[in-house]
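Engineer: here's a sequence, model it:
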Amino acid sequence: MSLKYFVEDGLGGVFNEDGSEAMDWDEERMHQTALEPKACDQARVDVVMAELEADIACSRKTYNIYTDEQKALFLYLLRFKFLKVKPAAERAAINPRAAQGWVKRMNEDPEWNIYGKLTNKVNRAGSQLQDEHKHFLINLFDEEPQATRKDAVDALTAEFEGFNLKESQVGTFIRNELYISSLALTSVIVEIIGFKSLPSS
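Structural biologist: Residues are numbered from 1 along each chain as shown. Reported below is the predicted structural model:
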């Protein structure tokens, strides 16, 4: 079996490497797409968005977590179909008040990403223990290891004027930060001294 190369001349004729015309060939069209007008492409996008709208309407949950598809459909209806905010939001199964907030934010800040996660907002105040308070507590427990939480709170209120703290916060600080720093210190001491195990008898 021999390998033969065939060349098309651009006019529909196929020739082999010797220049003689090929007797018969199977034509397999691939990677050939006709250029479609932009209207066909827009019609295809309209169909996809209509299907997406139907899917969203069927699979709506009670809690308002909006998917990227809902947001894309909302933006599509708002920007390309020129719907008002409320009808676009209703068709995308989005609360109209939430959509109005998004549009207001997009108008105020064009760099804002509507697809970004908005649920990482912390709605509680930060810790009352600042760095100076933490250093004070560390020094207190270094000097008096037997001190209790109540002793620590009393020392803090005496040292810092107008400072008010609950004992549970001191306990959380001891458990989370003071304990970890003591473990780190212990591991550093072990590395410096070179821990040697006692010989077994």
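
Engineer: now the top helix by length along the chain: buried residues?
Structural biologist: For the chain, the helix that runs over the most residues, judged by DSSP state H, is helix 38-58. By neighbour count with 16 or more other CB atoms under 10 Å, helix 38-58 contains the buried residues 49, 52-53, 56. From N, CA and C alone the C-beta is placed, and that goes for glycine too.

Engineer: tell me the one among those nearest to residue 169.
Structural biologist: residue 56 (45.4 Å; CB to CB).

Engineer: OK, contacts around the closest one?
Structural biologist: Contacts for residue 56 were tallied using CB atoms under 8 Å, 6 or more residues apart in numbering; they are 67, 69-70, 73, 92-93.

Engineer: now do 7 Å
Structural biologist: For residue 56, the contacting residues are 69-70, 73, 92-93, taking CB atoms under 7 Å, 6 or more residues apart in numbering as the criterion.

Engineer: per-residue pLDDT, it?
Structural biologist: Among the per-residue scores, residue 56 shows a pLDDT of 74.

Engineer: now residue 154
Structural biologist: For residue 154, the model assigns a pLDDT of 90.

Engineer: what is the burial count for it?
Structural biologist: Neighbourhood size, residue 154 [other CB atoms under 10 Å]: 13.

Engineer: how about the helices in this protein?
Structural biologist: With DSSP H as the criterion, the chain has helices at 38-58, 68-79, 85-91, 96-108, 131-143, 149-159, 167-173, 179-193.

Engineer: so for residue 12, which of the ones you listed sits nearest?
Structural biologist: Across the helices of the chain, residue 12 has its closest neighbour in helix 38-58 (28.1 Å, CB to CB).

Engineer: what's the angle from that closest one to helix 68-79?
Structural biologist: Computed by axes from the mean of the first three to the mean of the last three CA atoms, to 10 degrees, the angle separating helix 38-58 from helix 68-79 equals 130 degrees.

Engineer: using PDB, write out every CA atom in helix 38-58.
Structural biologist: Backbone C-alpha positions of helix 38-58 (Å, rounded to 0.1, in the frame of the first residue of the first chain) are rendered in PDB as follows:
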ATOM      1  CA  LYS A  38     -25.400  39.500  12.600                       C
ATOM      2  CA  ALA A  39     -29.200  39.200  12.700                       C
ATOM      3  CA  CYS A  40     -28.900  35.400  12.800                       C
ATOM      4  CA  ASP A  41     -26.500  35.600  15.700                       C
ATOM      5  CA  GLN A  42     -28.800  38.000  17.600                       C
ATOM      6  CA  ALA A  43     -31.700  35.600  17.000                       C
ATOM      7  CA  ARG A  44     -29.700  32.800  18.400                       C
ATOM      8  CA  VAL A  45     -28.900  34.800  21.500                       C
ATOM      9  CA  ASP A  46     -32.600  35.700  21.900                       C
ATOM     10  CA  VAL A  47     -33.500  32.000  21.800                       C
ATOM     11  CA  VAL A  48     -30.800  31.100  24.400                       C
ATOM     12  CA  MET A  49     -32.000  33.900  26.700                       C
ATOM     13  CA  ALA A  50     -35.600  32.800  26.300                       C
ATOM     14  CA  GLU A  51     -34.700  29.300  27.300                       C
ATOM     15  CA  LEU A  52     -32.700  30.600  30.200                       C
ATOM     16  CA  GLU A  53     -35.700  32.700  31.300                       C
ATOM     17  CA  ALA A  54     -37.900  29.600  31.200                       C
ATOM     18  CA  ASP A  55     -35.400  27.500  33.200                       C
ATOM     19  CA  ILE A  56     -35.000  30.200  35.900                       C
ATOM     20  CA  ALA A  57     -38.800  30.600  36.200                       C
ATOM     21  CA  CYS A  58     -39.100  26.900  36.900                       C
END
